[in-house]
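*Asks:* sequence and predicted structure are below.
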Amino acid sequence: MYLKSLALYTALAFGAIAAHADPALDALREGDMKKLAFHADPQVVPSTAFVDETDAKLSLEKYRGKYVVLNFWATWCAPCRHEMPMLSNLQTEFQGDSFEVVTIATGRNSLTGMKKFFDEIEVDNLPLYRDPRQKLAREMAVLGLPITVILDPEGREIARLIGDAEWDSDSAKAIIAALLAQS
């Protein structure tokens, strides 16, 4: 059953990526944001649990009602180190009732190592969430790191970016502002 659902999600995630129905959003994609692929149709996201820094289980349901920039990363990932401060800047600029940056370290990432990683890059406003068995990452077809997806307020994946990006660029901020203006 797991392999069947992984295959289905992978097909949906990669097969359905197309230009967004809103040409205005597509026109905002410049620089690294050209890698941001909007889905033709929103994709259902699994309710698989991940853990916070106290090992309490939670799911992406917690963020219903908000646009979410969801980033999968790891402490050993050099591109993740490069982009995390920019995700932090995006969180600082847009955080509120309708937007959140959520970061989930997938695989073997100790909490101590994650804290050290955030300290070294001077990030203090992003969550220390973990997906230690990579279950959520596998179910969302995260096949490399970093991977960032954008979820709509209904909790569905509407876009995906593979690799690192300048999340505090004018283009990224314009895309987030345009999404928030739609809600």
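*Replies:* Structure received.
*Asks:* rest of the way, CA atoms for contacts and neighbours
*Replies:* OK.
*Asks:* for E139, see how far away the residue nearest to the spatial centre of the chain is.
*Replies:* With distances taken as CA atoms, centre = their mean, L70 lies nearest the centre of the chain, 1.9 Å away. Noted for L70: a distance of 14 Å to E139, by CA to CA, to the nearest Å.
*Asks:* could you do L179 as well?
*Replies:* 25 Å.
*Asks:* those two: which has the busier surroundings?
*Replies:* The neighbour comparison of L179 against E139 (other CA atoms under 10 Å) goes to E139, with 20 against 14.
*Asks:* quick check: that one touching A49?
*Replies:* No - counting by CA atoms under 8 Å, E139 does not reach A49; the two are 11.1 Å apart.
*Asks:* shaky segments in this protein?
*Replies:* Residue ranges of the chain with pLDDT under 70: 1-21.
*Asks:* what ranges do the helices span in it?
*Replies:* With helices called from DSSP state H, the chain shows them at 2-15, 23-27, 78-94, 111-120, 135-139, 170-182.
*Asks:* which one of those lies closest to I104?
*Replies:* helix 135-139 (9.0 Å; CA to CA).
*Asks:* buried ones in that closest one?
*Replies:* 135-139 (16 or more other CA atoms under 10 Å).
*Asks:* cool, stretch 145-163 as well?
*Replies:* Buried-residue list, stretch 145-163, by 16+ other CA under 10 Å: 145-153, 155-163.
*Asks:* and that stretch, end to end?
*Replies:* End-to-end for stretch 145-163, by CA to CA: 6 Å.
*Asks:* how far is that stretch from where the chain is centred?
*Replies:* Distance of stretch 145-163 from its chain centroid, counting by CA atoms, centre = their mean, to the nearest Å, is 5 Å.
*Asks:* same question for stretch 163-170.
*Replies:* 12 Å.
*Asks:* can you give me the buried ones in it?
*Replies:* Buried residues in stretch 163-170 (16+ other CA under 10 Å): 163-169.
*Asks:* what about that stretch, start to end distance?
*Replies:* Stretch 163-170 has its terminal residues 18 Å apart, counting by CA to CA.
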